[in-house]
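In: Fold the stuff below for me.
(one chain, ligands or ions: 1)
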Amino acid sequence: MFSKVLIANRGEIALRVLRACKELGIATVAVHSTADTDAMHVRLADESVCIGPPQASESYLNIPSIVAACEITGADAVHPGYGFLSENARFAEILAAHNIVFIGPTAEQIRVMGDKIEAKRAAEALGLPVVPGSKGAVRDELELKRVAAEVGYPVLIKASAGGGGRGMTVAHSEAEVVQAASRARAEAKAAFGNDEVYLERYLKTPRHIEIQVLGDGKGDAVAIGERDCSLQRRHQKVWEEARSPALNDEERERIYAVCANAMKGMSYRGAGTIEFLYDEGEFFFIEMNTRLQVEHPVTEMITGIDLVHAQLRVAAGGGLGVRQEDIRFQGHAIECRINAEHPETFMPSPGTITHYHPPGGLGVRVDSAAYQGYRIPSHYDSMIGKLIVHGNTRAECLMRLRRSLDEFVVDGVHSTLPLFRRLIHHPDIAAGAYDIHWLENFLATKEAA
Ligand code: ADP
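Out: Model prediction:
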């Protein structure tokens, strides 16, 4: 196992990784910007290094500073968390060149899954079901119209360099498709400097269901259940649960086997998530994230598997530590992302938390780096923390979530807590009857106010 791990991140995820390291007796190094001098991850780490000014590009994304911090402290591995450098293949390569272990997949695996067209091609070759569409990029109007007619309208035009839902345009008919493609190209060019686009069938009311995977990098892999992340606003996940209220056991077994086999096929190393849209009983691959996800705790709560321990073990060459047949699912878990945002306008609300009281009790977990008197900087994402609740059944989980939301106090800044307090009373949420558009529709109606 490693003797010292540098955590190249901040906020709740830095703390999450730090906790796992402490449990395994691994010394920790925190890195931080000048805006995060008082941050909890800095206080709790064994050592800390200031790596630059507040702007992420100069600190948490500053590869030379982070490598220097490894050299100064003698860290033998880096955990990248999520976001920042976690899916940067170049970073993985640079660490390797300095004999520092990147806790994650190979640079090549990151690269393939980071390009949407490449990823879709690789997924198909590995036996994952994909959305019907163009084979790679569409070159011209003729091809665009031909492929669109083949897959059937409505179609979605997507940027191959896409991310965060940008550069995606729907076309409902041949009359719209050429204009939609040029709009997608222009948006992609502006956002990513690359105007390559591809086309696929637009699924009207799918759910977002993703599979947690873990590979040992030597050809063995397991699928650790699914998460349902259909409740989204502007393609950002708001509420996640495990397991999905929409699947039956036969569908689960089938998709777990397909995903585990795909990961075995590519000798995937580390933790990853394969994201699908699920529509009328069918799964369609949309992307793979080659890192730990924000919503990983719901999987941990129902399996008892510590995914960060697993990442550390695999990165140190210690194997998966679990066999597919030993993975058991107990009860139900839901995560709410509590952001420092206005609950109706979603405007970011940085500032000082004047009073903070997280809920507790059986089955309640709060992953947060916030504390009373903490000043949320305006430079990074607006997450205050994640409330994760477990129950023996979904009904018990919802009951416990309702009580936990009532108990949670965050004063001094706006938070999205009131949104969740409204959601939890909605009959569709109680029934688990929602698709990827449900939350946007809810927010557009008076019910949400
Ligand atoms: P990005 O990388 O930009 O986030 P994704 O491919 O992950 O793009 O898709 C983001 C979201 O867009 C999905 O969660 C889903 O809501 C929607 N989406 C993507 N592909 C389709 C499709 N073929 N049909 C319908 N909705 C889609």
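In: ok, the nearest residue to residue 20 once chain neighbours are set aside to residue 214 distance?
Out: Sequence neighbours aside, residue 308 is the residue nearest to residue 20 in space, at 3.7 Å (criterion: C-beta to C-beta, 6 or more residues apart in numbering). Quick note: C-beta positions are derived from backbone N, CA and C, even for glycine. Distance of residue 308 to residue 214, given as C-beta to C-beta, to the nearest Å: 11 Å.
In: re earlier: was I right about the residue nearest to residue 20 contacting residue 15?
Out: No - using C-beta atoms under 8 Å, residue 308 is not in contact with residue 15, being 10.9 Å away.
In: list the helices and strands the helix or strand where the residue nearest to residue 20 lies packs on?
Out: Using DSSP states H and E, residue 308 sits in helix 307-315. Helix 307-315 sits against helix 11-23, strand 77-79, strand 207-216, strand 269-279, helix 296-303, with contacts defined as 3 or more C-beta pairs under 8 Å, 6 or more residues apart in numbering; DSSP states H and E.
In: returning to that earlier point: compare neighbour counts for residue 308 and residue 214 and give me the winner.
Out: The neighbour count for residue 308 versus residue 214, taken as other C-beta atoms under 10 Å, is higher for residue 214 (26 against 23).
In: Contacts only, for that one.
Out: Counting by C-beta atoms under 8 Å, 6 or more residues apart in numbering, residue 214 touches 221-222, 224, 263, 270-272, 307, 310, 314, 320, 322.
In: Tabulate these (TSV), appending pLDDT, neighbour count and distance to the ligand.
Out: Shown next, in TSV, are those (pLDDT from 0 to 100; neighbours: other C-beta atoms under 10 Å; distance: C-beta to the nearest ligand atom, whole Å):
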residue	pLDDT	neighbour count	distance to the ligand
221	98	24	22
222	98	25	23
224	98	27	20
263	98	26	19
270	98	24	20
271	98	26	18
272	98	26	14
307	98	20	21
310	98	24	24
314	98	24	25
320	97	17	27
322	96	15	28
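In: for the stretch 51-200 of the chain, what spans make up the helices?
Out: 63-73, 89-97, 107-114, 116-125, 141-151, 174-192 (DSSP state H, counting those that start in this stretch).
In: tell me the angle the longest one makes with helix 141-151.
Out: The one in question is helix 174-192. Per axes from the mean of the first three to the mean of the last three C-alpha atoms, to 10 degrees, the angle that helix 174-192 makes with helix 141-151 is 110 degrees.
In: Buried residues in helix 174-192, which are they?
Out: Within helix 174-192, the residues that count as buried by 16 or more other C-beta atoms under 10 Å are 176-177, 180-185, 187-189, 192.
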